[in-house]
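Enquirer: Structural data only, the sequence is not supplied:
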DNA sequence: GATAACTACTATGCGACACTAACTACTGGT
DNA sequence: ACCAGTAGTTAGTGTCGCATAGTAGTTATC
């Protein structure tokens, strides 16, 4: 992963994961795979799990342990009310940033 | 400043400053003032200066000391060839991220 | 002429986050 | 018995923005 991407993911990866969870419950391995699919080629395994622990401790998600047919049980996360509120706030912050950056990018050529 | 904004600025603030410098040379105090004007209400004084030191050490900018009429001499930064290359790379990374996030934001309601 | 207010840059320590790397644990196929 | 795939955990590292304080010059006020 490029160094730029690594830095830019700080703060946004959390939003991305919350956005995924707002659509449907999911577990770590699944989310990692999805991200890789989307082009986040080398998202580190551990990164997503650490993030999930964090948002759980902040009380943004519910967790259910569900047995898997293959391998250890899955920890399935789903967004709760607080998480949805936090996600809204995330979108507001994100929109603000994109507006400013679009302004800068336009007058760029 | 919200915690979310703080985290999101990591990586992007650098791009923002480089984008500013790509339009015209500028010095630290000026950039800080401009950012505050744009709504980055509480960008810390020291943050911008630290960033400028960093991009100077990476060889992305030229620096000229120019006497000020009011106060100490200014360190005026301008983007060099390498900086312009780096900025292009930044826009590519940024675009990738915004595309993914827009996808997520759309199917959100 | 001391004090504040604005201009302009420097320096130190901290917390949060993504990354690296290694590990545990369970299942199925060879 | 071994290995690949699935699923999660943990410890240590580096970068970045923030908080805070300090230095230094000019202008205006009292």
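Expert: Good, I have the coordinates. These numbers come from a predicted model, not from an experiment.
Enquirer: Hmm, residue A:18 and residue A:31 touching each other?
Expert: No - if you go by CB atoms under 8 Å, residue A:31 and residue A:18 don't touch, sitting 10.7 Å apart. For glycine as for every other residue, the C-beta is placed from the backbone atoms N, C-alpha and C.
Enquirer: ok, the two, which is more surrounded?
Expert: With neighbours defined as other CB atoms under 10 Å in any protein chain shown, residue A:31 and residue A:18 compare such that residue A:18 has more, 23 against 20.
Enquirer: roughly how far apart are that one and DNA strand D?
Expert: Distance of residue A:18 to DNA strand D, given as CB to the nearest atom of the strand, to the nearest Å: 16 Å.
Enquirer: and chain A, which residues reach DNA strand D?
Expert: A:3, A:7, A:27-30, A:45-46, A:49-50, A:52-53, A:68, A:70-76 (CB under 7 Å from any atom of the strand).
Enquirer: where do the strands sit along chain A?
Expert: For chain A, the strands defined by DSSP state E cover A:26-27, A:61-66, A:74-79.
Enquirer: Nearest to chain B, out of the ones you listed?
Expert: Proximity to chain B (CB to the nearest CB) singles out strand A:74-79 among the strands of chain A, at 11.4 Å.
Enquirer: Which residues does the closest one contact?
Expert: Where contact means CB atoms under 8 Å, 6 or more residues apart in numbering or on different chains, the residues beyond strand A:74-79 that reach it are A:18, A:21-22, A:25-30, A:52, A:55-56, A:60-68, A:87.
Enquirer: That one and DNA strand C, are they touching?
Expert: No - legend: contact between strand A:74-79 and DNA strand C by CB under 7 Å from any atom of the strand is lacking; minimum distance shown is 11.4 Å.
Enquirer: mind listing what that strand pairs with, with the direction of each?
Expert: If you go by DSSP bridges, strand A:74-79 pairs up with strand A:26-27 (antiparallel), strand A:61-66 (antiparallel).
Enquirer: deepest of these, which one?
Expert: Neighbour counts (mean count of other CB atoms under 10 Å in any protein chain shown) averaged over each of the strands paired with strand A:74-79 peak at strand A:26-27, with a mean of 20.
Enquirer: Tell me who's in contact with residue A:39.
Expert: Contacts for residue A:39 (CB under 8 Å, 6+ apart) come out as B:96, B:100.
Enquirer: what about residue A:38, neighbour count?
Expert: By other CB under 10 Å, 16 other residues sit near residue A:38.
Enquirer: Ramachandran angles for it?
Expert: For residue A:38, the backbone dihedrals (degrees, to the nearest 10) come out as phi -80, psi 0.
Enquirer: Tell me how far residue A:93 lies from residue B:17.
Expert: 19 Å (CB to CB, to the nearest Å).
Enquirer: More neighbours: the two, which one.
Expert: Using other CB under 10 Å as the criterion, residue A:93 and residue B:17 rank with residue B:17 on top: 27 against 22.
Enquirer: Give me the pLDDT for that one.
Expert: Per-residue pLDDT puts residue B:17 at 98.
Enquirer: Same question for the one 10 residues further on.
Expert: Per-residue confidence for residue B:27 comes out at a pLDDT of 98.
Enquirer: Quick one: residues contacting it.
Expert: For residue B:27, the contacting residues are B:66, B:74, B:75, B:76, B:77, by CB under 8 Å, 6+ apart.
Enquirer: Now list the buried members of those residues.
Expert: Burial by neighbour count, judged by 16 or more other CB atoms under 10 Å in any protein chain shown, picks out B:74, B:75, B:76, B:77 from these.
Enquirer: Perfect, I'm done here.
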